[in-house]
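Enquirer: This is the structure alone, sequence omitted:
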């Protein structure tokens, strides 16, 4: 969907070749498409630099397929998050080229490989083995959005030498995504070592007073390191998206 | 404090001109200074690109003065946050050149104006009149850290035309800090309009179920726009710091 | 159940044709019927303008059938909410004319179409695709209670142009029901555009700090627009009922 | 501020007598006025039928005076809520005709008495003596917005005969505002007696597990009567505003 | 288990016919029996007037059978609460005379009918149909402990005439158990009508902000009637037990 | 206020010597008196066996004096709770015979000593020195309502031999009020020793995770002893009132 | 894994027989092993006196087997906690000598019996039958770590004579682990009787306001006995581990 | 207070030189002393190895003086915690030798210096400058109870090199008390480095989502290091007491 088309409509309006009402109708179709259960935001690629991502949770596979069908010839890359295995298999039957990442519960449909356009490398780092699914969702999202990405898993603060062994990679990253459950201390320690911005992602891993990630979340918001900001619990997608936005700061894309 | 000095010590160690113990002692002094009630982190300028910022809350004016004295000939710019008027006046008596921003509760001591080094302009935008103190803390922090900054205040979502009137400025910013209390809806709406990363800052403004900013915080974490991450309630300083880190993504400084 | 009957009893009492005890017995039967597990409130049609609605959750299909049997020749329209598919099918076996709306989980048994009696049109508007079941429960309830109704779905604030495209419908509604999960910002934005009363319905859609709708609820209670009031999480029925009461303000019915 | 002026500007634009940029500038001034610490929403009278109300909490008396000065020749009636006695006295020194209601903490500046325009009478009813300040804020707001209003205080459910003694007034009201702290049971009982919509207002009255009004709030959201919706704790203003919007349903004003 | 046996042991000790160590051993066996996974408190009948009641939740049917076997020839009546149907059937296979009340999830094994010993009648009253299981647990417990009992179900405050129709029974009860979910207003209204003590039982019935009974609990603790005290959510057993203790105040049993 | 008067009115009505309207007016005056800021419930003595108790918190001394003036010639004993020292002194200036208990914050105005009418002795027992004010409020309330009362203070479970030293008194009480803050374990231990009903009163004593009494409250609701029910945090008055109701179970008074 | 090996590497470095880079590589392998989904912390035996314990929850049986394979020839004893029966059976198929404790959900693989090295005996004491699984996890962990251990189950405070019957064992223990759900009063009472440190373990046993163990946790944190500290809800493993650390205070091992 | 005295009483009882009643009376006096507002637990020195410590919060200086007077000739060392400056000065007027530590808010009255009796050194380590008062309370308590003690302040995880610079001291401590507010990550990192038990103390330092120490508390309970247990927020005294108990594990004292 190109910005030129919009200008063309506006031109026609000022040329009096169409009325305001006609212009409105044209622009509305341009902006979004109403398919009953969803208003697909076609304008998003222009406005945000990346097409709308389908939030799979609570949508049937038929609904997801319906949305993909409307997007498939307009967008180079389509992502759907929080898609379980059953739904994924239904979707893959319809679209052969759909890739499914089971642990990240993420579907990807690429017309072509995205260009790598960001400033540097986005590093995804996780505290425990159980945090890996969230970390992978972040990793895949950042990659799909045109970024160089790397990951290090299971380097929590209880055996802090495991973290320090990767100090070079950590210091070289342009943006870091730090994923942790339980007490959520990893982002503070990591951010204390670097200048670059750190996106902290709490996970729902733990029991008792981990409160399904709330303790990690609050710990991260209280980080004594200041180059940290936080996304919702288990929101690997949001972290990857925000990291990509950061990695493109000041660039046109 | 220069990185060269560290290399010099290491060189001496490999030259056998000093022992490991001696090297350790030298490096420790280099890293931080223990003044009893505080370990001042002199290494921070090297590691993080900006000197340690003094968290004024819960420190006496004497303690703050003591820390400033240790930093004053090592750092070009010193910030102290959450300093009330009484403490500020005591500190200004000691250091004439200290500037005090009363609504932001922030002290600044500049040897020289910071160079503007970031990618673009950081925009601070607030929902209500009462959110201004937090917004100003963010604004001043970002400015002190070498960024071009701009602000728009009192443009909450209940009269959304006031926000849209500033659409050009919003779309041109490289990083946006969106400050809001009550229901905290501003960052979602703003982030929906742009590609750039948005730092959401909940404020403790409101009553009843605003829960001193918790409702705004949770609303922001649930933003349906994905280019949003969040800092602690009323943490204008952290937002400004993070925005600066983002605005310097991929740059050496 | 007519108000005349009550007056008749009272007349008999003052005529001394019945005793106080007899009058009490007659009136009690009139008011409600005790069927062991329920006191059916037959008086409600008179007092409230609409018969008692069956809350299906936690009742067996036999219990629901039992209650319908007692109501069926007294009331023109019977609603049962929160009825799952299995129960609905059992009930439909017993009463052929029962209509079942699966996504809204609502059962309706109409003797005749309700008269449209309210002031204007009730508009149901939802933020996301997953909010539709709650929105439909509101829509169907308002319609059954004698109101003109309309709906717009999936117009959340992250792509606010989708909402503004429907501005005419929004401004013409006499009452608006705004349904949203996650950060629940939709009612604030909508209410900022109109004079008419807005009923905000939080939904349990979301994850992490959405807290099953609590964040949306608190956000809505903190709305910076003042023509907003709120019902319980996922309470589409209550929203539809309240909207109908509002749409009949000052009317006799 | 008249709607005609806006049409005039639009006419000029289609007549080519002004450019789009000029039209934009004119309209912007029309919509709101930026006085640094506030964007005054002059457009609100047109859009919402009542001028912007000043939220006094967290604003200095100078700021409130500044805003009143900008509104005074545009609006017939100006309200400021949550104004304590000290601020009120400062404001009264500046504007002689300002009325101050100390228990409701409300300021009113009337050019002329508002016309009574709503459908019927708004009844404000409170459970306890300590709930009166919130009830009065609701009462005065509803009255200022052009409604007939009445009030009954201290009729909580522990001595329910006190409530039933006022049954006629209750049944005749077109809208009811029910104000209660502690367990907040009053709105349920009241709404069970009538057809008309009931706005429930929880107050922060109580101790221990009243949680500053939260228990009352949650009780009201769980009301087993369906013609109830709820506003924020202690939000008498919002209740009065919403009640007025309801009382004007379907009317032009 | 008789108090005389204890005196006999003590007599032997003062007679020097047994040592302190021997007395201790005898008394310990007397007081409780250690069967590995449980210390059965045989002393409870003497101390508390009623044998230990088996809390069935989290115990296997074998464990419950094992405990019953140890109690069966010492106690006239054995209760086990929170026993689901499967466990109940296993237990009934072992002990033919076990009665099972499915909705109350309660097992009872009576050697003989308990004597009615309390002051008056215990009335169990519930707000909704879904509160009946908890109400029945209270009813059966109070009955098993030697009290006259009566019940009234589904008389919530939204149709308050249904409650008032039973005013005589309510006023005659010596103790009232009031069971309610959602907003939990029933105990306040009931207690406002009588002198007798009211035990309020919150139930987990409801959705959204009912918080599984927490809202009802807090509402009841905030009751503006003072002859109310509260037990844990869904704790019908505790309410029946406490009501029985109250109904025996000042009596020997 | 005598029950005979009510019957007299009803007799007149059936004699046709007064109309229904006249009867209503007479009965209304009888039931309560409306003094603007309060509806005084004169009917309470008849209905509840004790006159309305004035909740002093949030009322001015003038308001309390106003209410006392209306009650003073109708009731033998008047209590006002939560009255601070300043207000108490104002009230004592007006009514010489008012007694003030400063630690319990309770005012008492006795025309004559109440008769002791309950079954047995009410024992008030507190865990710590700081719980004494709440314990005393309970003690004085129970005494004013016609009960024999006793108290034991500072016998918490950390030195449990102090509690057991008073075992005889504990076992002889007909009702026990157990007052405790912090972990609130006292009622469980005490109730485990006796048959009689135990009213547990959590206090707001403690810090950190005592959550102003919430932890004690929840602990008490989870008591593994079943002859326990609970009142609101710091609600000594309610505990004394409920204990008196219990101590009069089955008695006419 | 021996400490000597590390010294050997360091010696080589000072001998210049290896470079700093080579030393780093050697040391890294020594410290931990990266097997993709986990960084196994081989250094832990040296640093902490006990090998890394596998947290089974959220790991597949294949992942657990993979980790055991890497540890089996380095460590004398391997523990895995929170392993359900299905996983345990898979693991036992692979390693015959694995012992599985079903109620404690714990796997143990011993090359040789651990030496008993602590100061005294660790006593595990539980309040109820349902707390036994957590108590057993603590018991087995402490035993595996080289401690004499004993246990007493079902001795809650509602029948406190059952607890006091074991007073000798309690007073002789060097460390006590007290496990309790519901109101969690056991640790306070036990700690009041002894000098030795008490580790309190809240369990998720209970219903309603037990909040899955939170009430027990907060009660324990508020213990009026001071020789108490607390671990996470249901964290039997942590309690056993901490008790072992305490029982080895001041010893080399 | 010596254990011999108790034996003497028991001897007399078995000698029949005193009756059971007389023995009881003697033993009761021995155990505690009832001074009206407090039951002083004189038995505590025997049972617990340290006399009762006075909790100053909520006690008047007169009450504290009264308790000290009863203890002063029985105990070598008396502590009172949470004593503010005003009270301390009153107490010092009465007892000259009282020492007052203002930042720790702790009073100490020593007849003689306590013997150092524990296994090793207790190290108190704090994350920030503002945590020092809590850390000092722990330090002074542990010292008063007969332990070698050391402290390191302001070594939080955001500049982790400051912590590692003290690694030798950390590794040599027999017990560590780790004090931290905000995200509370320090205990996890410290415990990961050592074998010895770590007592984690959350402090109420922070703002926003630090929730007055709750976030730190929950983070510590979720520590991924297992040699950690936790005390209440700001409970420096409890941490020092527990550390001393641990440091005396297996010793007689």
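Expert: Arrived safely. All figures in this text were calculated on a predicted structure; none of them were measured in a lab. Numbering: from 1, shown residues only, chains lettered A, B, ... in the order given.
Enquirer: Show me the helices in the stretch 101-250 of chain A, by range?
Expert: Ranges of helices in the stretch 101-250 of chain A, per DSSP state H, counting those that start in this stretch, are A:132-144, A:161-164, A:167-172, A:186-191, A:214-221, A:236-247.
Enquirer: Now tell me which of those helices the model trusts least on average.
Expert: Mean pLDDT per stretch puts helix A:161-164 lowest among the helices of the stretch 101-250 of chain A, at a mean of 83.
Enquirer: Just give the number of residues close to residue A:246.
Expert: Other residues within reach of residue A:246, judged by other Cβ atoms under 10 Å in any protein chain shown, total 30. C-beta: built from backbone N, CA, C; applies to glycine.
Enquirer: For residue A:216, which residues are in contact?
Expert: Contacts here follow Cβ atoms under 8 Å, 6 or more residues apart in numbering or on different chains; on that basis residue A:216 touches A:180-184, A:202-203, A:206, A:210, A:233, H:222.
Enquirer: Quickly name whichever of these is closest to chain D.
Expert: residue A:233 (23.3 Å; Cβ to the nearest Cβ).
Enquirer: show me what contacts that closest one?
Expert: A:202-204, A:212-214, A:216-217, C:207-209.
Enquirer: how many other residues sit next to residue A:16?
Expert: As a measure of burial, residue A:16 has 7 neighbours, counting by other Cβ under 10 Å.
Enquirer: roughly how far apart are it and chain E?
Expert: As judged by Cβ to the nearest Cβ, to the nearest Å, residue A:16 and chain E stand 54 Å apart.
Enquirer: Would you mind measuring from that residue to chain C?
Expert: 23 Å.
Enquirer: Find me the pLDDT at residue A:112, would you?
Expert: 84.
Enquirer: what about it, neighbour count?
Expert: Neighbour number of residue A:112 under other Cβ under 10 Å is 7.
Enquirer: which non-adjacent residue is nearest it?
Expert: residue A:76 (5.7 Å; Cβ to Cβ, 6 or more residues apart in numbering or on different chains).
Enquirer: mind listing what that neighbour touches?
Expert: Per Cβ under 8 Å, 6+ apart, neighbours of residue A:76: A:110-112, A:114.
Enquirer: Which of those fall within strands?
Expert: Using DSSP state E, the members of the contacts of residue A:76 that fall in strands are residue A:110.
Enquirer: Give me the phi and psi for residue A:99.
Expert: Main-chain dihedrals, residue A:99, degrees, to the nearest 10: phi -100, psi 140.
Enquirer: repeat for residue A:49
Expert: According to degrees, to the nearest 10, residue A:49 has phi 80, psi 0.
Enquirer: Please report the distance of it from residue A:148.
Expert: Here residue A:49 is placed at a distance of 17 Å from residue A:148 (Cβ to Cβ, to the nearest Å).
Enquirer: The two: who's more crowded?
Expert: Neighbour count, other Cβ under 10 Å: between residue A:49 and residue A:148, residue A:49 has more, with 20 against 17.
Enquirer: hmm, back to that, which one of the contacts of residue A:216 is nearest chain C?
Expert: Among the contacts of residue A:216, and counting by Cβ to the nearest Cβ, the member closest to chain C is residue A:233, at 3.2 Å.
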